[in-house]
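1. What would the 3D arrangement of this be:
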Amino acid sequence: MDVFSTDTPIIGMIHLPPLPGAPDFEGDRGDIRRRLRQDATALESGGVDGIMLENFGDAPFYPDRVPRHVVADISALAATLRDHVSIPFGVNVLRNDVQSALGVAAATDGAFVRVNVHTGARLTDQGIVEGLAHETLRLRTRLDADVAILADIDVKHSAPLADRSVSEVVGELVERGGADAVVVSGPGTGESVETTVLEDVIESRDAHSLDTPVLLGSGVTPETAPELLSLADGAIVGTALKNGRETTNAVDAAAVERLVEAVPH
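-> Have a look, this model is predicted:
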């Protein structure tokens with residue numbers, strides 16, 4: 001995945017507040033743009049290697065495609081982000097609308113997308129969510145988009161529908177699903193990954209003779225980073241970078257610096 005200028009990238013999260021149409025939208029697009037720019041500045045100045053834009057505040061989430069107005073707002077915000085930072089950025093459209101995320105990234109020079117369920121199926125609070133790798137890869141080709149796909153292996157806030165080995169899932173995600181990186185998360189937002197789980201994913205990746213990066217998707221803090229990132233190839237970090245470590249709070253530039261300094265080199 002030739003996206004970042006480092007071998008252990010840290011991708012900082014911008015958790016968007018509720019967008020227009022969401023139940024908790026507060027009626028001011030200007031405030032959303034100002035918050036985005038503020039968070040982006042804190043992330044870039046703190047030293048992250050990339051930024052992930054996510055419609056975190058839009059709960060309850062659509063299980064698959066989001067409405068057109070959501071795509072329009074995220075596209076406008078992604079363009080604002082592009083014009084505000086010089087580091088790579090990506091898009092995650094919750095719950096699992098990777099086709100819209102891919103379209104937004106392609107239109108705004110985004111470098112990557114995250115997809116929660118890329119292959120197989122998971123039981124979530126939105127019901128059964130199915131992977132659409134066959135559509136996603138074909139759409140990327142049609143769009144001629146140089147956009148990497150970061151795919152979760154056991155996405156948080158969900159459960160598998162069948163008992164399958166980690167090796168099987170890794171193989172399907174990468175060899176048959178075409179994922180450019182595998183994301184390993186804890187059971188919930190901000191919750192740490194068990195070291196044994198991370199080791200299983202890395203061992204499975206190596207057993208398949210793959211060079212696909214394994215990224216952490218939750219639970220990375222200055223305290224856990226040295227151990228976890230001595231194993232994983234990078235991380236997507238949100239909660240630990242926020243004021244008071246509250247996911248919906250603004251990014252704290254000092255917290256970003258502390259996390260980046262804890263990454264082993």
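
2. Residue 7 - nearest residue in space that isn't next to it in sequence?
-> Of all residues not flanking residue 7 in the chain, residue 233 sits nearest, at 7.2 Å (CB to CB, 6 or more residues apart in numbering). For the C-beta atoms, the positions are set from N, CA and C on the backbone; glycine is no exception.

3. which ones are touching the one you found?
-> 7, 8, 9, 181, 213, 214, 215 (CB atoms under 8 Å, 6 or more residues apart in numbering).

4. same thing but at 7 Å, please
-> In this structure, residue 233 makes contact with 8, 213, 214, 215, judged by CB atoms under 7 Å, 6 or more residues apart in numbering.

5. Most neighbours among those, please name it.
-> Among the contacts of residue 233, residue 215 has the most neighbours (other CB atoms under 10 Å), with 25 neighbours.

6. Tell me what that residue is bridged to.
-> residue 183, residue 234 (DSSP bridges).

7. Tell me which residues touch residue 35, please.
-> Taking CB under 7 Å, 6+ apart as the test, what residue 35 contacts is 17, 250.

8. Oops, could you answer that again for residue 175 instead?
-> residue 208.

9. now it: how far from residue 212?
-> 9 Å (CB to CB, to the nearest Å).

10. cool, and residue 46?
-> Residue 46 is 27 Å from residue 212, by CB to CB.

11. nearest residue to residue 5 other than its sequence neighbours?
-> Residue nearest to residue 5 in three dimensions, not counting chain neighbours: residue 49, with 7.0 Å by CB to CB, 6+ apart.

12. mind listing what's buried in the strand or helix carrying residue 199?
-> If you go by DSSP states H and E, residue 199 is part of helix 195-207. Neighbour counts using 16 or more other CB atoms under 10 Å place 198, 200, 201, 202, 204, 205 of helix 195-207 among the buried residues.

13. Now do it: which elements does it pack against?
-> helix 166-171, strand 181-184, strand 214-216 (3 or more CB pairs under 7 Å, 6 or more residues apart in numbering; DSSP states H and E).

14. pLDDT of it, averaged?
-> Helix 195-207 shows a mean pLDDT of 93.

15. try stretch 239-253
-> The average of the pLDDT scores along stretch 239-253 is 96.

16. Stretch 114-134 now?
-> According to the model, stretch 114-134 has a mean pLDDT of 91.

17. Could I get the buried residue list for that stretch?
-> Going by neighbour count (16+ other CB under 10 Å), the buried part of stretch 114-134 is 114-120, 122, 124, 126, 129, 131-133.

18. Just the ones of the residues you listed in helices?
-> Assigned to helices by DSSP state H, the following of those qualify: residue 133.

19. From the buried residues of stretch 114-134, pick the one nearest residue 148.
-> residue 114 (9.7 Å; CB to CB).

20. roughly how far apart are the closest one and residue 196?
-> Computed as CB to CB, the residue 114 to residue 196 distance reads 24 Å.

21. Next: residue 217.
-> Counting by CB to CB, the gap from residue 217 to residue 196 is 16 Å.
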